[in-house]
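# Here's a sequence, model it:
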Amino acid sequence: MRSDNIDSFKKKLHYSKALIREALKKFKNPVIACSFGKDSMVVLDMLKKYSRNFTVLWNNTLVEYPDTYKFAREIIKDWELDCVEARPKVTFWEIVEKYGFPIYSRNSKGHKQYATYKCCEELKKKPTTIALRNMNCDLYFTGLTRHESRLREFSARLYGDSFYSKTWKHWKCHPILNWTREDVWEYIRVFNIPYNPLYDKNEIPIDGGIRTGCWPCTQAIKYGKLEHLRTYYPELFNLLVVKKKFGEVMLDLRIEKYKDIKSRNTDYMRNRAYKQLGLEKTLTAHPCFFDRL
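Numbers count the residues shown, from 1 in each chain. Predicted coordinates for the structure are as follows:
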């Protein structure tokens with residue numbers, strides 16, 4: 001880090017620690033959301049330096065990366081965490097069977113894609129809501145950062161890093177809201193805290209960086225997620241693309257997408273050719289047809 005960036009990091013760290021200390025003084029039943037990704041691990045490490053009187057809430061979607069499961073079990077044991085594991089009542093594959101793959105956040109008319117909405121609702125929001133209600137949470141820490149998406153940036157400007165949520169009926173605290181990705185990695189380096197080994201599988205890049213979460217989520221395919229999956233988790237790639245027929249779905253969608261666009265006629269013909277070859281032969285193409293969709 002450059003010296004000016006180091007000074008900025010130190011100021012952010014000082015502020016974040018003060019925010020955590022003050023929040024802990026006011027509430028009796030704090031909970032921290034932990035996905036066992038890099039951001040929530042940083043907040044968890046800071047939090048446990050000031051108190052052991054908190055509960056960790058891990059929302060296990062049942063389709064986390066293998067690295068995450070192994071890492072989570074190790075951290076829960078080694079750090080002696082009081083961890084509540086929330087689980088969905090329906091699976092990712094049941095949602096896909098009923099609503100299709102959650103490929104786009106919105107359709108061509110700008111409306112939310114229902115599969116994507118149901119996926120987040122059933123796998124994340126509902127289990128978390130039920131768990132927090134049962135835990136009588138009055139303070140909820142997260143590892144949310146404003147730089148991850150436009151929605152988070154808007155939320156950060158609207159609510160700040162500490163506020164009472166009328167929807168959730170408890171206080172929310174985002175200690176590293178204003179941290180950058182570099183700040184997070186600097187904390188991990190300086191304080192030598194463990195991190196999910198998934199982040200080390202970075203020879204095959206994903207635009208926007210590697211993220212933990214649901215491994216079969218298909219919203220990130222345009223950023224290179226399938227190439228990453230094919231390279232490091234070939235069995236999971238085969239399950240998603242071949243056995244669950246995502247490859248066939250994408251071939252059909254690409255043909256439909258380009259058929260009426262004159263400027264994309266070459267892409268249309270190329271996709272039709274792959275469709276005629278069939279999925280098995282398409283998967284032998286180099287580079288892989290599904291690496292960048």
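
# pLDDT below threshold where in the stretch 1-150 of the chain?
Flagging of the stretch 1-150 of the chain using pLDDT under 70 yields the residue ranges 1-6, 106-112.

# which residues sit in contact with the residue nearest the centre of the chain?
Against the mean C-alpha coordinate of the chain, by C-alpha atoms, centre = their mean, the closest residue is G213 at 4.0 Å. With contact taken as C-beta atoms under 8 Å, 6 or more residues apart in numbering, G213 is in contact with S35, G37, T61, E64, Y65. Backbone N, C-alpha and C define where each C-beta goes, glycine included.

# Could you do L240 as well?
Counting by C-beta under 8 Å, 6+ apart, L240 has contacts P216, T218, L229, F246.

# can you count the residues close to the last one?
Translated: F246. 22 (other C-beta atoms under 10 Å).

# Hmm, W93 and it touching each other?
No: F246 lies out of contact with W93 (C-beta atoms under 8 Å); the separation is 11.2 Å.

# longest helix of this protein?
Ranked by number of residues, the top helix in the chain under DSSP state H is helix 3-26.

# which other helices and strands contact the following helix or strand past that one?
Counting by DSSP states H and E, the next helix or strand C-terminal to helix 3-26 is strand 30-33. Under the contact criterion of 3 or more C-beta pairs under 8 Å, 6 or more residues apart in numbering; DSSP states H and E, strand 30-33 touches helix 38-48, strand 55-59, helix 126-135, strand 139-141.

# Just the closest of the contacts of L240 to K11, please.
For those, the minimum distance to K11 (C-beta to C-beta) is 38.4 Å, reached by L229.

# For the closest residue to C83 other than its chain neighbours, the count of nearby residues, please.
Closest residue to C83 apart from its sequence neighbours, by C-beta to C-beta, 6 or more residues apart in numbering: V56 at 4.3 Å. The tally of other residues near V56 (other C-beta under 10 Å) stands at 23.

# What of L144?
The number of residues near L144, taken as other C-beta under 10 Å, comes to 20.

# In this structure it contacts N178, no?
No: between L144 and N178 there is no contact under C-beta under 8 Å: 10.6 Å.

# Break this structure into its domains for me.
Using automatic domain parsing, the domain parsing of the chain gives 3-191, 205-282.

# Now tabulate those in JSON lines and tack on distance to C288.
Rendered in JSON lines, the data for the domains of the chain read as follows (distance: least, C-beta to C-beta, whole Å):
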{"stretch": "domain 3-191", "distance to C288": "18"}
{"stretch": "domain 205-282", "distance to C288": "6"}
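
# For F290, which of those domains is the nearest?
Using C-beta to C-beta, the nearest of these to F290 is domain 205-282, at 4.7 Å.

# Give me the mean pLDDT for that closest one.
Mean pLDDT, domain 205-282: 89.

# Ends of it, what's the gap?
23 Å (C-alpha to C-alpha, to the nearest Å).

# now stretch 235-249
Terminal residues of stretch 235-249 are spaced 19 Å apart (C-alpha to C-alpha).

# How far away from the center of its chain is that stretch?
21 Å (C-alpha atoms, centre = their mean, to the nearest Å).

# which parts of that stretch are buried?
Within stretch 235-249, the residues that qualify as buried are L236, F237, L239, L240, V241, K244, F246, G247, V249, counting by 16 or more other C-beta atoms under 10 Å.

# do the same with stretch 147-156
For stretch 147-156, the neighbour count (16+ other C-beta under 10 Å) marks S155, A156 as buried.

# what's that stretch in contact with?
Contacts of stretch 147-156 with the rest of the structure, by C-beta under 8 Å, 6+ apart, involve L144, T145, R146, H174, L177, N178, T180, R181.

# Next, give phi and psi for C34.
Main-chain torsions, C34, degrees, to the nearest 10: phi -140, psi 120.

# Now do the helices in the protein.
For the chain, the helices defined by DSSP H occupy 3-26, 38-48, 66-78, 92-99, 114-120, 126-135, 150-159, 181-191, 225-232, 234-238, 246-258, 265-277, 279-282.

# that older thread, and the contacts of L240, which of them are buried?
Buried among the contacts of L240 by 16+ other C-beta under 10 Å: P216, T218, L229, F246.
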